[in-house]
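# sharing a sequence plus its predicted fold:
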Amino acid sequence: MDKIYVFLATGFEDVEALGFVDVCRRANLPVCMVSVTGDKVVSSAHNVGIVADALFDDIDFSDACLLYLPGGMPGATNLDNHTGLRGLIMQHYESGKPLAAICAAPLVYGNLGLLEGKNATCYPGFEDYLTGAKTTGELVVHDGQFFLGKGPAAVLQLSYEIVAYFCGQDVADEICKGMLYPEIF
């Protein structure tokens, strides 16, 4: 199977990155955390140093099946300002492959004009960055190529939806049950 790439920029939201990676790895999906900073250790929004699996400039991404952008500030704007990532997103989009983002990070897709006419969600207050999107305010939105989450509380539901997309609903349900998620919601 191709890989899921999770992009880490200085100031990313800890739980939105690591929660997603955790759920995907429980499903045996190949996930690679990629630093866009030029350093493998990336500082989160809460000053936790996370060691990425690889550096952006060291990967060709031809095996990418999903690009995932965690939110957090200034993480989301740092992702948006990375020219190489923006180019990769456009290539991935044009190839019809899925894209995911959570919290403030959907602004990257919005600023690229990719959410025009799409249902979308994001952290409250970032709706204006989702150019042309129909913002729903829902916890998780899947519209076409896009999987979007509203904020930190959405990370598990968004992750289960992506696992279901790649592995089937039965696998997602089993992981969800094993993580005791149904006992909370």
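Structure's in. What do you need?
# flag the shaky bits of the chain, pLDDT-wise.
1, 185 (pLDDT under 70).
# now the helices for it?
Secondary structure of the chain (DSSP state H): helices at 14-26, 75-80, 83-94, 106-111, 155-167, 169-178, 181-184.
# which residues does residue 126 contact?
Residue 126 makes contact with 103-104, 106-107, according to C-beta atoms under 8 Å, 6 or more residues apart in numbering. C-beta here means a position set from N, CA and C on the backbone, and glycine is covered the same way.
# please apply the same query to residue 115.
By C-beta under 8 Å, 6+ apart, the contact set of residue 115 is 106, 109, 130-133, 146.
# how much space separates it from residue 161?
Applying C-beta to C-beta, to the nearest Å, the value for residue 115 to residue 161 is 18 Å.
# and what of residue 66?
Note on residue 66: its distance to residue 161, by C-beta to C-beta, is 12 Å.
# higher neighbour count, the two?
residue 66 (22 against 18; other C-beta atoms under 10 Å).
# which among the contacts of residue 126 end up buried?
By neighbour count, with 16 or more other C-beta atoms under 10 Å, these hold 103-104, 106-107 as buried.
# and the contacts of residue 126 as JSON lines, adding distance to residue 78?
Below are the contacts of residue 126 laid out as JSON lines (distance: C-beta to C-beta, whole Å):
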{"residue": "103", "distance to residue 78": "13"}
{"residue": "104", "distance to residue 78": "11"}
{"residue": "106", "distance to residue 78": "15"}
{"residue": "107", "distance to residue 78": "11"}
